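Novice: just to be clear, the model below is a prediction. Sequence and coordinates:
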Amino acid sequence: MARTQALSPDDVRRELEKLDDWTHQGDSITKSFTLHDFQDVIAFLVQIAIAAEKLNHHPDISISYNKVRFTCCTHDAGHALTHLDFSLASRISQLAFRFLQMDK
Ligand SMILES: C[C@H](O)[C@H](O)[C@H]1CNC2=NC(N)=NC(=O)C2=N1
């Protein structure tokens, strides 16, 4: 299956089960993280930006001081969920885990 092909509801459910605490909301998946402060959010986002460029797939991001929310969907698929969104979400979770470990 092409990585930019919209996933079926069953595929979405299966992919979601592999992720840690991401929520399916409309045509996207979303998760927020709480970091120490705004500066840490920005440092974390630099890593996310590098990963997103490598994947050539980019999350929507909203920030409120020490909280950052990522929303992933594939614009090129008409705002649907594709394998690319789940790869990106998995990478974001991995980087967040590392970043939060470093912060301890
Ligand atoms: C031209 C470029 O490859 C595309 O526009 C990529 C870039 N990043 C993207 N990110 C997301 N989230 N959805 C896309 O459809 C998308 N398309």
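Specialist: Nice, thanks for sending it over. Numbering: from 1, shown residues only.
Novice: residues from the chain in reach of the ligand?
Specialist: Residues of the chain lying close to the ligand by Cβ under 6 Å from any ligand atom are N56, H57, H58, T74, H75, D76. Quick note: C-beta positions are derived from backbone N, CA and C, even for glycine.
Novice: I'd like the residues you listed written out as CSV, with neighbour count and pLDDT added.
Specialist: Formatted as CSV, these follow (neighbours: other Cβ atoms under 10 Å; pLDDT from 0 to 100):
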residue, neighbour count, pLDDT
N56, 8, 98
H57, 22, 98
H58, 15, 98
T74, 22, 98
H75, 11, 97
D76, 10, 96
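Novice: mind checking which of those land in helices?
Specialist: Within the residues of the chain next to the ligand, no residue falls in helices by DSSP state H.
Novice: tell me the one of the residues you listed nearest T34?
Specialist: H58 (22.0 Å; Cβ to Cβ).
Novice: can you give me the strands for the protein?
Specialist: Ranges of strands in the chain, per DSSP state E, are 23-25, 28-34, 60-64, 67-72.
Novice: so what's the gap between the first one and the chain middle?
Specialist: On the basis of Cα atoms, centre = their mean, to the nearest Å, the separation between the geometric centre of strand 23-25 and that of its chain is 11 Å.
Novice: columns mean neighbour count on top of the strands of the chain, output as TSV?
Specialist: Output for the strands of the chain, formatted as TSV (neighbours: other Cβ atoms under 10 Å):
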stretch	mean neighbour count
strand 23-25	12
strand 28-34	18
strand 60-64	13
strand 67-72	19
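Novice: now those in TSV, with mean pLDDT?
Specialist: Formatted as TSV, the strands of the chain follow (pLDDT from 0 to 100):
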stretch	mean pLDDT
strand 23-25	97
strand 28-34	98
strand 60-64	98
strand 67-72	98
